[in-house]
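Q: Please find the sequence and the predicted model below.
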Amino acid sequence: MAEDVVQDSLVEALKQWTYKGIPDNPTGWLFRVAKNKALNIINHEKYKSQYATDVVHPLQSEWTADPVADHLFSEQEILDDQLRMMFTCCHPSVSPDSQVALILKTLCGFSIPEIAKAFFTNDENINKRLVRARQKIRESKMPFEVPTGRVLKERLVTILEAIYLLFNEGYSASAGVKVIRYEVSEEAIRLTQILASHPTTHDKLDIYALLALMQLNASRFKARMDADGNILTLEQQDRSLWDLSLMEQGFANLKISLSGNEISLYHILASISSYHCSAPNYQLTDWKSILFLYDRLLEIDNSPVVLLNRAVAISKANGTEDALTEMEKLKTVPELKKYHLFYSIQAQFYIDMNLFKEAIPILETAIELAPLASEKELLQKRLAYCAKIIS
């Protein structure tokens with residue numbers, strides 16, 4: 001019903017605004033029209049039983065309908081609804097592998113291919129998970145609420161995982177023209193801020209750790225590409241473009257997150273990011289401490305991406321030869337066989353060792369697998385450089 005009401009309101013806006021002009025408060029106009037359409041549907045006799053909830057009765061009275069509807073459309077109530085939706089998607093009746101996919105699709109607006117990329121799987125598997133999850137929600141008639149106690153803590157783990165995947169899609173897009181999708185990362189930060197400010201969840205320290213991680217990483221966004229849209233590595237970035245205000249927020253939230261005894265994945269990742277942000281330049285980055293943190297991270301998460309990032313830290317802390325030995329161990333990891341960054345990192349190690357001939361076939365594989373034109377272009381420049389050196 002909500003989707004229908006929103007679509008009808010937008011269609012009406014297109015019709016009326018074309019002739020009457022855009023109103024002074026377009027958002028308020030849309031909310032008012034949507035609210036009235038929702039009231040008309042609820043008051044229609046045949047829908048009364050379908051939407052028979054604790055809010056329907058006051059909505060059917062001319063004396064109470066407007067104030068109740070205004071409350072339901074208030075900013076705080078919408079924030080509460082979003083929080084309730086997060087926890088509903090993570091109900092234990094829904095299988096763990098489907099919970100994150102459901103949040104990404106329903107709450108965050110991810111496409112099927114974007115979710116498939118995040119899970120290192122194919123579109124068909126994600127579709128099946130979503131169908132099963134929606135069916136389970138319908139059959140279980142699960143309550144639309146924020147749980148308490150142990151249940152809240154368990155479901156929060158999945159919510160934070162989904163939000164982190166959302167941020168990563170913004171940080172490095174899986175499709176399209178843009179490498180960075182700022183609005184996606186901003187949405188991930190906004191959802192985390194809802195959790196951090198809500199009375200039910202504001203005292204959970206891993207929320208602040210995730211918020212710190214995203215703010216520290218996002219503070220470097222503007223320096224990640226040059227004026228022509230080419231990707232810049234951390235070493236190439238102009239650090240004067242870093243957002244110091246956002247970085248300070250990240251450091252403040254990291255401090256809050258470390259005030260307890262629990263250490264999560266996000267605590268360690270945020271700490272790694274803090275070393276990058278606090279280094280006066282690339283050469284003075286404390287890679288030994290970063291490698292130590294990656295070793296601790298493996299005790300919590302030994303995923304392929306963590307192993308790959310650890311190999312980069314090994315190359316900086318212990319030397320490229322040790323890093324190449326580590327990459328040899330990762331060759332058999334199925335998830336990395338079609339991951340372009342595995343090959344581009346491996347090729348860069350060969351380039352660093354002046355083994356340009358060995359780097360060429362690996363770069364060609366990376367170019368073939370890279371999802372974005374800008375990434376392919378960066379890799380093709382490296383390939384041309386290697387070819388020129390050996391010719």
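A: Ah, there it is.
Q: so where's this structure shaky on pLDDT?
A: Under the criterion pLDDT under 70, the flagged ranges of the chain are 45-79, 172-180.
Q: For Leu213, give its distance to Gln346.
A: Going from Leu213 to Gln346 by CB to CB, to the nearest Å gives 26 Å. In short, each C-beta sits where N, CA and C put it, glycine included.
Q: So which bits of stretch 351-368 are buried?
A: Buried positions in stretch 351-368, judged by neighbour count with 16 or more other CB atoms under 10 Å: Ile351, Met353, Phe356, Glu358, Ala359, Ile360, Ile362, Leu363, Thr365, Ala366, Ile367.
Q: how far away is the second one from Ser315?
A: When you say that, I think you mean Met353. Taken as CB to CB, the span from Met353 to Ser315 is 10 Å.
Q: What's the local residue count around Tyr182?
A: By other CB atoms under 10 Å, the residues close to Tyr182 number 13.
Q: Tell me which other helices or strands the helix or strand hosting Gln99 touches.
A: If you go by DSSP states H and E, Gln99 is part of helix 96-102. Under the contact criterion of 3 or more CB pairs under 8 Å, 6 or more residues apart in numbering; DSSP states H and E, helix 96-102 touches helix 123-140, helix 149-171.
Q: For it, give me every contacting residue.
A: Applying CB atoms under 8 Å, 6 or more residues apart in numbering, the external contacts of helix 96-102 come out as 89-91, 94, 115, 119, 126, 129-130, 132-134, 136, 158, 161-162, 165.
Q: For that helix, what is the distance to the chain centroid?
A: Here the centre of mass of C-alpha atoms in helix 96-102, compared against the chain's by CA atoms, centre = their mean, to the nearest Å, lies 14 Å away.
Q: CA atoms of the helix or strand that that helix is followed by as PDB?
A: Downstream of helix 96-102, the first helix or strand assigned by DSSP H and E is helix 112-118. The C-alpha coordinates for helix 112-118 follow below in PDB (Å, rounded to 0.1, in the frame of the first residue of the first chain):
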ATOM      1  CA  ILE A 112      20.100  -8.200  -7.300                       C
ATOM      2  CA  PRO A 113      23.500  -8.000  -9.100                       C
ATOM      3  CA  GLU A 114      24.800  -5.600  -6.300                       C
ATOM      4  CA  ILE A 115      23.800  -8.100  -3.600                       C
ATOM      5  CA  ALA A 116      25.200 -11.000  -5.600                       C
ATOM      6  CA  LYS A 117      28.600  -9.200  -5.800                       C
ATOM      7  CA  ALA A 118      28.600  -8.500  -2.100                       C
END
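Q: So which bits of helix 112-118 are buried?
A: Those would be Ile112, Glu114, Ile115, Ala116, Lys117, Ala118, for helix 112-118 by 16+ other CB under 10 Å.
Q: Also stretch 115-134?
A: For stretch 115-134, by 16+ other CB under 10 Å, it's Ile115, Ala116, Lys117, Ala118, Phe119, Ile126, Arg129, Leu130, Arg132, Ala133.
Q: again, but for stretch 81-89
A: Leu83, Met86, Phe87, Thr88, Cys89.
Q: Could you single out the nearest of the buried residues of helix 112-118 to Thr201?
A: Ala118 (23.3 Å; CB to CB).
Q: How about the contacts made by the residue nearest the centre of the chain?
A: Nearest to the mean C-alpha position of the chain, counting by CA atoms, centre = their mean, stands Leu166 at 1.7 Å. Leu166 is in contact with Leu104, Cys108, Phe110, Val184, Ser185, Glu187, Ala188, Leu191, counting by CB under 8 Å, 6+ apart.
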